[in-house]
Structure formats: structure tokens, C-alpha cells
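> Output the structure for:
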Amino acid sequence: MNMPQLPDDWEATRTTLQAYSQALTAIPRAAGVADDRWTHVAMGIAPLGLKTAPTPLADGSDLVAMIDLVSHEVVIEAGDDTERIDLRAGPAPAAIGEAVLAFAARHGSVIDADKERFADTEAGTYVSDHAGAFLAAAVFVADAFREMNESVPGEVTGPHLWPHGFDIATEWFSPIRVSHGESEASAQIAVGWYPAGDGYIYANPWPFQDAWGETPVLDGASWHLDGWQGAVLDSAGVEHAELVAFGHAVHDLAREALSS
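Below is the predicted model:
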């Protein structure tokens, strides 16, 4: 099966979805259960759309919000309480964020969220067909990443969507810690899909070793070495098996070196 393609003119909807994802994840970012890998600020890939991590509320319920790309609504849930916001009306990101805060307040939780993450008061552009095309592609990519992860040993997170870049990724973390600025971080490999512009699949082993950039990865793949370093594969028409093989190829090349 080939990856479903995105419409050439879907950028306005993509920008709107990114703004909505930033608004919704501001709540678990402020009041959710923090995770060392920051997965609490990512969104899971579900059959119907994008779902936040749960945020515990004062009444004992958990708040979960979804961008439902089938019914074209933001669905906010906690216990038996549900609120829906029609996305086809193009609500502003600020309205989305404020609605979730008001919903949490009904359950006794006043959340001190960073409102700069949903400060935009302009109406969004939401084309239902474009959103549906993105969902089909996102589910395709997430399924391939899950299959890849089945044979990846060690600590793995994702697949999930990162709102700050609006890319879908899965990460492997090495037990080895390396210096990163004034702190330390786990050596890692991220495999993801960036859907803006000419979309592409990427695989970033970090810290990067120069020799990798001279090593063939997979037919059709190449190394990107300017600005950020990693392997890239054109996502247009990519097959499921090809996507899985691309991730495996970079893991096979780099994982052992990053583990010692």
C-alpha cells in the first residue's frame, strides 16, 4: 500500500491544525503528569484523529481532548462530560484554548496554562477534505512506525505528533547519556514524517557521526547535512514496507554505536 497523498493546497488547513494542537496541548503541558521524554505535550495518533495525553482534574476525572478529523470537531471529555466544537466554522485557536480551560474549571480545576500558546484570535481555515487526507496519511505513517518499533530493542516512545513542528515521530532512546550544552541527554534516534511543503520522512540519529553521512541507507534515501543531520526519504508514494525498511536501515546503521 502506498502512502495517501496530501492535497497541494492544504497548507492553510495544516497551519490551522497545528495551532489547534498547540492550544490543546497547552493544558497537559501546564497540569498533566510530566514525562521525562515530554510525551505529555505530544498528541497520540488515533483512528479518528489526534488525542492529547490525559490531564487529571480536581474531581478525579481525566481531561482528554481530541481533534476528531472524521466528525471535524474538537471533542473535550472528562468522565461523562463531553463538549464539542465544530471545526468547519474555523474557530480561532484562542477560542479552543479558552473552551478547554472553562471545561476544566467546571470540574474544579483552574489551570494556569501558557496562553501565548493559543493567543491567536483570528479565525482558522479548515477544509474538511484536507483534514481527512491528513488523517489518512497520519494513520498510514503511524502504523508503519509501530511495525518498525516491534523489532527495536530498548526504550521507545511514539508514534505521536509534536505540535511545535507538526511532525509525527517515534523515538528510540539509548541508555547512554551524552553532554548537551550544560546538561546531559540520552543518545537517540528519531524517525518521523514532516507533512509541510514537499513532505518527507526523516531519521535523525543523535549525536551524529560524520561517517554515517557517507554511508548509503536505502534506495531513494539521502543524507541531509545542512542545518540538521539525518537521512531523508521523499514521502510521495512511499510504500508501507519501504517506510519500515528506511527506519530499520538507519537503526541498523546507528543504534549500536549510540549504545556504547
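> Quick check: phi and psi on the nearest residue to S259 once chain neighbours are set aside?
In space, S259 comes closest to S174 once its chain neighbours are excluded; the distance is 5.2 Å by CB to CB, 6 or more residues apart in numbering. Yep, even glycine has a C-beta here, placed from its N, CA and C like the rest. S174 adopts backbone torsions of phi -80, psi 150, taken as degrees, to the nearest 10.
> Next one: S174, what pLDDT does it get?
Per-residue confidence (pLDDT) for S174: 98.
> what's the neighbour count on it?
Neighbours of S174 under the rule other CB atoms under 10 Å: 22.
> isn't it right next to P205, touching?
No - S174 sits out of contact with P205 when judged by CB atoms under 8 Å, with a separation of 9.8 Å.
> Give the intersection of the neighbour lists for the two.
Q188, R255, L258 (CB atoms under 8 Å, 6 or more residues apart in numbering).
> Quick check, the second one in contact with I189.
Yes - look at R255 against I189 with CB under 8 Å: they come within range, at 6.3 Å.
> which one of those two has more residues nearby?
Counted by other CB under 10 Å, R255 and I189 do not tie: I189 has more neighbours, with 23 against 19.
> Just the buried residues of the host helix or strand of that one, please?
With secondary structure defined by DSSP states H and E, I189 is part of strand 183-194. Residues S186, A187, Q188, I189, A190, V191, G192, W193, Y194 are the ones in strand 183-194 that count as buried (16 or more other CB atoms under 10 Å).
> picking that back up, out of the shared contacts of S174 and P205, which comes closest to G213?
Nearest to G213, judged by CB to CB, of the shared contacts of S174 and P205 is L258 at 15.2 Å.
> Now that closest one: closest residue in space that isn't a chain neighbour?
A187 is the one closest to L258 (CB to CB, 6+ apart), at 4.1 Å.
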